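Novice: Take this sequence and fold it.
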Amino acid sequence: MQSSSKWVLAIIIFSQFCCTSLWFAGNSIIDDLIGHFNLSEASLGDISSSVQFGFIVGTFIFAMLTISDRFSPSKVFFVCAILGASFNLGMLYSANTIYTLITFRFLTGFCLAGIYPVGMKIAADHFKKGLGKSLSFLIAALVLGTAFPYLIKSFNLNFKWELVIWVTTSLALIGGFLILLFVPNGPYQKLAQKFELSKVLNVFKEQSFRSAAFGYFGHMWELYAFWTFVPVLLITHTKLHNISLNIALFAFIIIASGTISCIIGGFLSKSYGIRKTAMLSISISGLCCLLSPLFIKINSSFIFIIFLIIWGMAVIADSPLFSTLVAQNCDASSKGTALTIVNCIGYSVTIISIQVLNILLSQDGYRQFAFMILAVGPILGLINLKKS
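Specialist: Reported below is the predicted structural model:
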């Protein structure tokens, strides 16, 4: 039985968009932060990684304490949205240093652990049939929320960088209140009766779960490293060919294109199956990693942008499919913990790939070839998908 309210999914999707806009709020204004607070050029990798690290620590603690399986996920989402919005405002602190900024971004990432995976848990509690399509819409909202700060920045209307912080903070507050007020506990929710630390290990005993989880880890090796350094890809191309582009606008378009592919992937999975659709997506994104040096060198901005849009679509389209496989291959009372611990490990992987790519991009001789290292993730993802 589906949820009685046809608006529930729409509210979850919109709230996810609102709250996940916190994720890249710092990345989108990194040049302003560097200038305003006198930071080094390497701050992009540090600030981005701090959000990821906060998310990792948060998901680890949430999973260990089985928070979303023992308490109302809507209330957990609300509390984390309010706290995340508050920490996001910390970037406005006039005496910020790289250390205080990293701290505020870490705490924002920690709160996102109660938003992104918990949002998926809320959807799974409301929708059993067609869960893959529901999660595709939900993660499409995450993609749009992630890209949104770049859109704000791209208008070049002489807005102060602080506006990005105020807008994303306001959106997070709106998203949190919408979930609290209009999304009750779902009909498929099965709250755990007690704290069980063993759940974290037990979910990995099933081969089908392990295949889905390790496929997801391969996908995550590529995803956030690509998203983080999309502006660097664009800047590298413009410098190589001595051209000018609106970096923020095209970064938004490239990342946001994943919104469309998530939705398309959700519909395709109903006809061709979740696993096959995920394999197609991760194969395309892996190929893009390997071909990236060729397209960076092509002296055509149009072709290069189209290539990046295809990459931006493929790199995320499999994410809701992996999450669906994870949710479908564990016990109902462990669903929240399973999604959370898989997110925890997956985002731990992103820290490594972001830092590896950051190091490679700092070497002039490797800059054009650096993104090929991301192909390791899709290759491992495909190997594990074939096991399932």
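Novice: State the helix or strand in which the residue lying closest to residue 176 once chain neighbours are set aside lies.
Specialist: Take residue 176 and drop its neighbours on the chain: the residue closest to it by Cβ to Cβ, 6 or more residues apart in numbering is residue 81, 2.7 Å away. Every C-beta, even on glycine, is put in place using the N, C-alpha and C of the backbone. Using DSSP states H and E, residue 81 sits in helix 73-88.
Novice: and the helix or strand that that helix is followed by, which residues are buried?
Specialist: Heading C-terminal from helix 73-88, the first helix or strand you meet, by DSSP H and E, is helix 98-112. When neighbours are counted by 16 or more other Cβ atoms under 10 Å, the buried residues of helix 98-112 are found to be 98, 101-112.
Novice: what is the rounded mean pLDDT of helix 98-112?
Specialist: Per-region confidence: helix 98-112 scores 96 on mean pLDDT.
Novice: how far does that helix sit from the chain's center?
Specialist: Put simply, helix 98-112 sits 16 Å off its chain's centre (Cα atoms, centre = their mean, to the nearest Å).
Novice: Could you do stretch 97-116 as well?
Specialist: On Cα atoms, centre = their mean, the centre of stretch 97-116 falls 14 Å from that of its chain.
Novice: For that stretch, list the C-alpha coordinates in CSV.
Specialist: Provided in CSV are the C-alpha atoms of stretch 97-116 (Å, rounded to 0.1, in the frame of the first residue of the first chain):
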residue,chain,number,x,y,z
THR,A,97,40.2,31.5,9.5
ILE,A,98,40.7,28.3,7.4
TYR,A,99,40.4,26.4,10.7
THR,A,100,37.1,27.9,11.8
LEU,A,101,35.7,27.6,8.2
ILE,A,102,36.7,23.9,8.2
THR,A,103,35.0,23.5,11.5
PHE,A,104,31.7,25.1,10.4
ARG,A,105,31.8,23.0,7.2
PHE,A,106,32.5,19.9,9.2
LEU,A,107,29.5,20.5,11.5
THR,A,108,27.3,21.2,8.4
GLY,A,109,28.4,17.9,6.9
PHE,A,110,27.7,16.2,10.2
CYS,A,111,24.1,17.5,10.1
LEU,A,112,23.7,16.4,6.5
ALA,A,113,24.1,12.8,7.8
GLY,A,114,20.6,13.3,9.3
ILE,A,115,19.2,14.7,6.1
TYR,A,116,20.4,12.8,3.0
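Novice: Kindly calculate the angle that the host helix or strand of residue 179 makes with helix 98-112.
Specialist: For residue 179, the host element (DSSP H and E) is helix 162-182. Angle between the axes of helix 162-182 and helix 98-112 is 20 degrees (criterion: axes from the mean of the first three to the mean of the last three Cα atoms, to 10 degrees).
Novice: Other residues contacting helix 162-182?
Specialist: Counting contacts by Cβ atoms under 8 Å, 6 or more residues apart in numbering, the residues outside helix 162-182 that touch it are 7-8, 11-12, 14-19, 21-22, 25, 28-29, 74-75, 77-82, 84-86, 88-89, 91-92, 122, 145, 148-149, 152-153.
Novice: avg pLDDT for stretch 211-231?
Specialist: 94.
Novice: what about the residue lying farthest from the centre of the chain, distance to residue 304?
Specialist: Centroid-distance maximum for the chain: residue 242 at 31.9 Å, with Cα atoms, centre = their mean. Residue 242 sits 14 Å away from residue 304, going by Cβ to Cβ, to the nearest Å.
Novice: what helix or strand is residue 122 on?
Specialist: Going by DSSP H and E, residue 122 is in helix 116-126.
Novice: quick one: that helix to helix 98-112, angle?
Specialist: 10 degrees.
Novice: now helix 116-126 against helix 73-88, angle please.
Specialist: Using the same axes, to 10 degrees: helix 116-126 against helix 73-88 is 160 degrees.
Novice: Which elements pack onto the next helix or strand after helix 116-126?
Specialist: Later in the chain than helix 116-126, the nearest helix or strand by DSSP H and E is helix 131-154. Secondary-structure packing of helix 131-154 (3 or more Cβ pairs under 8 Å, 6 or more residues apart in numbering; DSSP states H and E): helix 8-20, helix 25-28, helix 116-126, helix 162-182, helix 247-272, helix 319-328.
Novice: What is the neighbour count of residue 327?
Specialist: 24 (other Cβ atoms under 10 Å).
Novice: low-scoring pLDDT stretches of this protein, where are they?
Specialist: 1-6, 128, 130, 156-158, 189-200, 332-333, 388 (pLDDT under 70).
Novice: ok now stretch 377-388, how far from the chain's centre?
Specialist: For stretch 377-388, the distance to the chain centre is 20 Å (Cα atoms, centre = their mean).
Novice: Residues in contact with it: which ones?
Specialist: So stretch 377-388 is contacted by 207-208, 210-212, 214-223, 275, 278-279, 282-283, 285-286, 289, 318, 325, 349, 353 (Cβ under 8 Å, 6+ apart).
Novice: repeat that with 7 Å
Specialist: Under the contact criterion Cβ atoms under 7 Å, 6 or more residues apart in numbering, stretch 377-388 has outside partners 208, 211-212, 214-215, 218-222, 275, 278-279, 282-283, 285-286, 289.
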